[in-house]
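Asks: model the structure of this input:
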Amino acid sequence: MNKKILLLAGILALGATSFAAEGTRDFLDTFKDVIAPKENITGYWNQEFTGYSDTEATDDKKMRLQNEIGLNLTDKVSVALRTRTYMDYPGKEQKGSDNFRFDMSYNNGNIADTELGLSQRVRMYREGSKAEAYSYRPNISFASYVGATSADANLEFFHVRNTGTDDVQKIAYDIDVTWNLGHGFSTEADFSGAVTTTSGVATESALDLTLLYDHNLYTSTDEATTLAFHAEAGVIPIKYNHKDNEMHSSKAMVIETETYMKLKRNWTNNFNTYGTVGVTTSDDVRTHTSNFGTQGYVALGLSYAM
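Replies: Numbers count the residues shown, from 1 in each chain. Predicted coordinates for the structure are as follows:
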């Protein structure tokens, strides 16, 4: 696979923006002076096949094929395309809806003389034949001001089209901060919510706290093969129901976890393959009654970067 092939794929992905709303096209026009691809285009291609087990006592196992391709067209402009195709196990009929996502991003750099970073993203998302959404998201990064590994705050403006119903506009907000605690541990705090502007109805705002742990279990002598361990646990201790003006509106206190091991082999500086075995859980700790259940998965993938 060479740069010409990846560039062609990027051009095809750009063609997908013809589905975007007129406002999105106007936004893309702001890139006209920097959109010309440079000679040293970089990018990546990832492909992953995942098989999911039943969700605890529920017979809902499924399989998924995911493809991702991304291109850095200039120092500021990048595009990314992701497709997900779901398949039934033999004799089963509970596969998810195939979906398609296309992003175009612009990195403005720091704002004036501050350490605040500004970036913008236009996204198109389509799921099966039922729904499609277009969104614009400005993002401000502020990690240096809070001593964090990463810190982002953004607003995302959505226009959602649903088959058989009226279009919907909504605004989603998100503040996400991650700190490195050392010894393989890190923690993440995420505050998010949304408002449907067409009806003025706001969903619950929620604070999501996650503790993560990563550890390298094995590295071969030539450093080409690694075995990594990852575990995380997240809880939503605070919710606010805007409609009822009520704090702690949910009686549930759900803790979600994910644990996996990933075996990775680097065949060249640009190409690697990997296999992952993991399990996710979700449980209401107040009643100890499974809310989502336990689900295992196995993934096989390959990744190419240039």
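
Asks: which residues of the protein fall in helices?
Replies: Remark: helices assigned in the chain by DSSP state H are 3-15, 22-28, 143-146.

Asks: where does the residue sitting furthest away from the middle of the chain land on pLDDT?
Replies: When each C-alpha in the chain is compared with the mean C-alpha position (CA atoms, centre = their mean), Thr221 comes out farthest, at 33.6 Å. Note on Thr221: pLDDT of 96.

Asks: from Lys264, how far out is it?
Replies: Going from Thr221 to Lys264 by CB to CB, to the nearest Å gives 15 Å. Where C-beta positions appear, they are placed from N, C-alpha and C, glycine not excepted.

Asks: about what we covered before: what about the residue farthest from the centre of the chain, distance to Asn272?
Replies: As for Thr221, its distance to Asn272 is 17 Å (criterion: CB to CB).

Asks: same check, this time on Lys76
Replies: Taking CB to CB, one finds Lys76 at 28 Å from Asn272.

Asks: neighbour-wise, which of those two wins?
Replies: Applying other CB atoms under 10 Å to Lys76 and Asn272 shows that Asn272 carries more neighbours, namely 19 against 15.

Asks: quick check: the more buried one touching Asn266?
Replies: Yes. Using CB atoms under 8 Å, Asn272 is in contact with Asn266, at 4.6 Å.

Asks: counting neighbours, what do you get for the nearest residue to Ala305 once chain neighbours are set aside?
Replies: Distances taken as CB to CB, 6 or more residues apart in numbering place Tyr44 nearest to Ala305, at 4.5 Å, with adjacent residues excluded. Tyr44: 16 surrounding residues under other CB under 10 Å.

Asks: need the contact list for Tyr44.
Replies: 68-70, 303-306 (CB atoms under 8 Å, 6 or more residues apart in numbering).

Asks: are any of these buried, and which?
Replies: Among those, those buried by neighbour count (16 or more other CB atoms under 10 Å) are 68-70, 303-304, 306.

Asks: is it true that Leu118 touches Ile140?
Replies: Yes. Taking contacts as CB under 8 Å, Leu118 lies within contact range of Ile140: 5.9 Å.

Asks: who touches both of those two?
Replies: Overlap between the contact sets of Leu118 and Ile140, as judged by CB under 8 Å, 6+ apart, is given by Ile111.

Asks: where does the stretch 51-200 of the chain dip in pLDDT?
Replies: Counting by pLDDT under 70, the stretch 51-200 of the chain shows low-confidence ranges at 56-57, 91-96, 130, 163-164, 199-200.

Asks: quick one: contacts for Asn110?
Replies: So Asn110 contacts 116-118 (CB under 8 Å, 6+ apart).

Asks: switch those residues over to TSV; also include neighbour count and distance to Glu188.
Replies: Listed next are these as TSV, based on neighbours: other CB atoms under 10 Å; distance: CB to CB, whole Å:
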residue	neighbour count	distance to Glu188
Leu116	15	20
Gly117	18	19
Leu118	15	22
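
Asks: still on that earlier bit, which one of the contacts of Tyr44 is nearest Met104?
Replies: Using CB to CB, the shortest approach to Met104 within the contacts of Tyr44 belongs to Gly70, at 10.8 Å.

Asks: quick check: bridge partners of Tyr260?
Replies: His230, Gly278 (DSSP bridges).

Asks: Thr276 is in contact with that one, correct?
Replies: Yes. Shown here, Tyr260 and Thr276 form a contact pair, counting by CB under 8 Å, at 5.4 Å.

Asks: in a markdown table: the buried ones among the contacts of Tyr44, plus distance to Glu204.
Replies: Output for the buried ones among the contacts of Tyr44, formatted as a markdown table (distance: CB to CB, whole Å):
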| residue | distance to Glu204 |
| --- | --- |
| Glu68 | 31 |
| Ile69 | 35 |
| Gly70 | 33 |
| Ser303 | 36 |
| Tyr304 | 41 |
| Met306 | 43 |
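
Asks: if we only consider those, which is nearest to Arg82?
Replies: Checking these against Arg82 with CB to CB, the nearest one is Glu68 at 4.7 Å.

Asks: for Leu65, give the beta-bridge partners.
Replies: Beta-bridge partners recorded for Leu65 (DSSP bridges): Phe49, Thr85.

Asks: and it, how far is that from Ser129?
Replies: Taking CB to CB as the measure, Leu65 and Ser129 are separated by 19 Å.
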